[in-house]
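K.L.:
I need the structure of the sequence given here:
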Amino acid sequence: MPTDAQQACFEAGIKFGSLYHQFAGTPVSPASTRSLEVAIAESIENQPYCEDVDVAIHDDRVADAIDHENGYTELTGSLMTVEMRIAYEGVVARTRMEMEDGYPLMKLVEVVE
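P.N.:
Numbering: from 1, shown residues only. Purely as a prediction, here's the structure:
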């Protein structure tokens, strides 16, 4: 059987997979970043054991990624930073997705038992 800490980390991975694959490709513009941040966070927070999600879509990166006259681009991991707090049976897993070496890396920041 997995430990509570292992289960908390597993739950964090499930949340990141859901977040990334559900929202990648969503049309986004500098005018819609705040509402999309809220929609992503509230959607993922509905999942079991998810206590907090903080999504920051970087307006400057979004503006730089727009390459046509329609004024939007598709959301990718390179355009946002995400932090999550997952709590399972008294264990808290803190996670973060941020750009590292040109890749949106999802990582475990801390596990507190």
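K.L.:
biggest helix in the chain by residues?
P.N.:
As assigned by DSSP state H, the longest helix anywhere in the chain is helix 4-23.
K.L.:
parallel or antiparallel, list what pairs with the helix or strand that that helix is followed by.
P.N.:
Following helix 4-23 in sequence order, the next helix or strand is strand 27-28 (DSSP states H and E). Using DSSP bridges, the strands paired with strand 27-28 in its sheet are strand 73-74 (antiparallel).
K.L.:
just to revisit the earlier point, may I see the buried residues of the longest helix of the chain?
P.N.:
5, 7-9, 11-12, 14-16, 19-20, 23 (16 or more other Cβ atoms under 10 Å). Every residue, glycine included, has its C-beta placed from N, CA and C.
K.L.:
how far does that helix sit from its chain's centre?
P.N.:
Centroid displacement of helix 4-23 relative to its chain, using Cα atoms, centre = their mean, to the nearest Å, is 10 Å.
K.L.:
now for that helix, which elements pack on it?
P.N.:
If you count contacts as 3 or more Cβ pairs under 8 Å, 6 or more residues apart in numbering; DSSP states H and E, helix 4-23 packs onto helix 33-45, strand 50-57, strand 80-88, strand 91-100, strand 103-112.
K.L.:
that one vs strand 91-100, what angle?
P.N.:
40 degrees (axes from the mean of the first three to the mean of the last three Cα atoms, to 10 degrees).
K.L.:
pLDDT at the residue nearest the centre of the chain, what is it?
P.N.:
Nearest residue to the geometric centre of the chain (Cα atoms, centre = their mean): residue 82, 3.9 Å. Looking at residue 82, its pLDDT reads 98.
K.L.:
mind checking how far residue 21 is from residue 76?
P.N.:
12 Å (Cβ to Cβ, to the nearest Å).
K.L.:
now do residue 113
P.N.:
34 Å.
K.L.:
compare those two (neighbour count), which wins?
P.N.:
Per other Cβ atoms under 10 Å, whichever of residue 113 and residue 76 has more neighbours is residue 76, with 17 against 11.
K.L.:
thought the more buried one was touching residue 102?
P.N.:
No: Residue 76 lies out of contact with residue 102 (Cβ atoms under 8 Å); the separation is 11.9 Å.
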